[in-house]
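[1] I'd like to go over a predicted model; first the sequence, then the structure.
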Amino acid sequence: MFKFYFFILIYLFCSPNIFGEGEKISSQVMSIEISEKKALDLYLKKLNSFSKTYCKGGVEEEFWSKYKNFRGNGNFIPLLPDGKLDKATVNRFIPEIEAKKKWIDSQRKIVEKKKHFKPEYAELIKLEKEFNELLLYKKKLFLSQTQKNKDEIRNNSKYKLISFRSNLKKYLESLSFLHSYKFPVDHFDLRVSYDKYKSSEDVAGKRKSNEVYFFRKIVQDGAQDINHKKSDRFLRATIDSIYLNLNKNTDFITEDFRFDMKATFDAIKWHLKARPRNQFIRLGEWSERVERGIEFYKMLRDGKVSDKGHAFSTDNLLQNRAKGRYILKDYVLKKEADSYKFWMNQSTLMQALYAIDTILFNEVGGLDGRDALERRDVTQVVINRLTDPEYNSIESDEAIFDYLKLSKEEIKKNPWLNVMFKEGEFSFTYFFIPGNLRIYCPDMTRNGKFLRRENISIALSLLQKPNVNFHALRYFSRASMLGRVNMAQIWLNFVPVAERPGLKVKRSNYLKSLFKKGKYEFLYDFKTEEGDTFQVIKFKKSTYVTDRNGTHFYKYRNRHYFRYFEHPL
């Protein structure tokens, strides 16, 4: 007997292919004939049933146990296509790791001789002051009314920036104890090189992939406290990229450079305020960690590995690692397939809400606050992908395909689920990313439930009234990329979406008065897609967006956290 709910869903896509391939979303994705509250209640009821079935007691603990076994001691083991050890790559990089340890120890000797970091701190303050003065030129240029004045400002900024770059370069070179090994490391080049070979299945390609990844593991590293917290790996990588970009000539400080320098100044200050002894201890922990790595790779090379009092052959280790990897991958893919099958048997609305809710939870969380502008944009990205065959299908060569045990036609009927589980798109779906746990074990905490209600409200709103002028298909967070890698330089077949201000500030009289008095820091200006000019300004610690004349004020959407990309028209 069929169970009828108190609602009727009128789908604009009765079949998954009602939209032609590549066709744009129109004014409505679906018409929902029930209230938001009823839709939310129904979804939460389904989600609760789903959670009780697939996230029973012990599931999370089981995942973490399998994940721990998969991770092992954290050392990368390069393998060939047949699953055997890539001994040539191991042999090649053992001397490199030994050289790395010697370098770390040399840095320990440098900081051991220091009683304090007062000279370094004083020089940093001097550079920071010089940097802030350079920022003023951007403000002067924006406010300038004549071309003659603009040219004069540009020349002054250009030559002072040349001097600043020179001073900064010398300063960064002097902070060798905060360098990456092999400073300066080109993280962008390493990313591009690895992407080129990571999918190789032939011996030569796989070996090249191993070499690049092994080298990345060696140089993309850093010191930390003895309790394994407060790693400076990210700082060292950012210093690398800043240093390499000092060779790029610009007339003014770019916004990316400003953002990176602000974060770097603050992080370096934190290290310099501490005693050199603290840095000595942190470098010591790093040296010991690298020493353990050297011992491990030598044992791996020689065919016999000892760990926690147990000795076993390299072949046994590889078998155990392969087994751990297989067990975790198999476990996660089965869980993901179960999730897919559960939701494919629900209404299309429920599928859409589950996909959007899960994606927002993992990709954005509550980062964008109550305004939820990033969650709205990411939701629109998901909606845009719904009609794009590049994103709305699961092919037979994707890992989850065989676990679904469904025909291609059956899979084709579930574009919402396909968009979420599409291999290579949302990183939280990978078996080695802990975020996959929230696919089959939804967060049922108080905060999780609150966030979910907001997510569903956003989803329902955009399903009925999508933003048809927002065509983005991709996004990335530059701030979270190691070495501040800019994906815009990799996604060459995409163009960035123009920057936009946030929501309008309702009570802005105080901001207007400060603006009129010139009591603000000018960061940069941008043009919207419509051609309107806005300036990004800062009052003490708060950043806002305003029009050219300071008439209206808006909240700031940090372009370094989320930047969106679309196909060129």
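    Cool, the structure landed.
[2] For residue 535, name its beta-bridge partners.
    residue 525, residue 546 (DSSP bridges).
[3] Pretty sure it sits against residue 525.
    Yes. The pair residue 535 / residue 525 is scored as a contact, 4.5 Å apart, by CB atoms under 8 Å. In this view, the C-beta of every residue, glycine as well, is placed from N, C-alpha and C.
[4] what's the overlap in contacts for those two?
    Common neighbours of residue 535 and residue 525 (criterion: CB atoms under 8 Å, 6 or more residues apart in numbering): residue 142.
[5] neighbour-wise, which of those two wins?
    Taking neighbours as other CB atoms under 10 Å, residue 535 and residue 525 compare with residue 535 leading, 22 against 18.
[6] If I look at the more buried one, what pLDDT would I see?
    pLDDT, residue 535: 97.
[7] list the contacts for it?
    Contacts for residue 535 (CB under 8 Å, 6+ apart) come out as 142, 522, 523, 524, 525, 545, 546, 547, 548.
[8] Closest one to residue 346 out of these, please.
    Distance to residue 346 across these (CB to CB) is lowest for residue 545, with 40.8 Å.
[9] Give me the neighbour count for that closest one.
    23.
[10] Go ahead and list the helix or strand containing residue 46.
    helix 36-54 (DSSP states H and E).
[11] What mean pLDDT does the very next helix or strand once past that helix get?
    Downstream of helix 36-54, the next assigned helix or strand under DSSP H and E is helix 59-71. The average pLDDT for helix 59-71 rounds to 95.
[12] Which pLDDT value goes with residue 7?
    With respect to pLDDT, residue 7 scores 32.
[13] quick one, longest helix in the chain?
    For the chain, the longest helix by residue count, based on DSSP state H, is helix 314-344.
[14] Hey, what's the angle from that one to helix 36-54? Just curious.
    Inter-element angle recorded for helix 314-344 and helix 36-54: 140 degrees (by axes from the mean of the first three to the mean of the last three CA atoms, to 10 degrees).
[15] Could you check how far helix 314-344 is from the centre of its chain?
    Chain-centre distance of helix 314-344: 24 Å, with CA atoms, centre = their mean, to the nearest Å.
[16] Moving C-terminal from that helix, which element do we reach first?
    Toward the C-terminus, helix 314-344 is succeeded by helix 348-363 as the next helix or strand (DSSP H and E).
[17] What is that next one packed up against?
    Contacting helix 348-363 under the criterion 3 or more CB pairs under 8 Å, 6 or more residues apart in numbering; DSSP states H and E are the following elements: strand 9-11, strand 30-32, helix 36-54, helix 314-344, helix 373-385, helix 415-421, helix 437-440, helix 446-464.
[18] can we see that at 6 Å?
    Helix 348-363 sits against helix 373-385, helix 415-421, helix 446-464, with contacts defined as 3 or more CB pairs under 6 Å, 6 or more residues apart in numbering; DSSP states H and E.
[19] Who are the packing partners of the shortest one?
    Meaning helix 415-421. For helix 415-421, the elements it packs on are helix 348-363, judged by 3+ CB pairs under 6 Å, 6+ apart.
[20] what do you get for the longest one?
    Counting contacts by 3+ CB pairs under 6 Å, 6+ apart, helix 446-464 packs against helix 36-54, helix 348-363, helix 373-385.
[21] Please give the number of neighbouring residues around residue 235.
    There are 20 residues near residue 235, going by other CB under 10 Å.
[22] three-state assignment of it?
    Assigned with DSSP: H, G, I helix; E, B strand; the rest coil, residue 235 falls in the helix class.
[23] Next one: it from residue 194, what distance?
    22 Å (CB to CB, to the nearest Å).
[24] Residue 491 too?
    Per CB to CB, residue 491 is found 16 Å from residue 194.
[25] Let me know how buried residue 35 is, in neighbour terms.
    For residue 35, the count of nearby residues is 12 (other CB under 10 Å).
[26] If you could redo that for residue 160, that was the one I meant.
    Using other CB under 10 Å: residue 160 sits among 14 other residues.
[27] what's the answer for the one 10 residues further on, then?
    For residue 170, the tally of surrounding residues (other CB under 10 Å) stands at 11.
[28] pLDDT value on it, please?
    pLDDT, residue 170: 98.
[29] Pairing partners for the closest residue to residue 474 other than its chain neighbours in the sheet, please.
    Nearest non-adjacent residue to residue 474, counting by CB to CB, 6 or more residues apart in numbering: residue 565, 4.4 Å away. Beta-bridge partners recorded for residue 565 (DSSP bridges): residue 474, residue 496.
[30] Share the number of residues neighbouring residue 85, please.
    Residue 85, neighbours per other CB under 10 Å, totals 18.
[31] Same question for residue 140.
    Neighbourhood size, residue 140 [other CB under 10 Å]: 16.
[32] Same question for stretch 134-151: list its buried residues.
    134, 135, 137, 138, 139, 140, 141, 142 (16 or more other CB atoms under 10 Å).
[33] And the third one, how close does it get to residue 143?
    Think residue 137. Distance of residue 137 to residue 143, computed by CB to CB: 11 Å.
[34] all strands of the stretch 201-350 of the chain, in order?
    In the stretch 201-350 of the chain, the strands defined using DSSP state E, counting those that start in this stretch lie at 304-307, 310-313.
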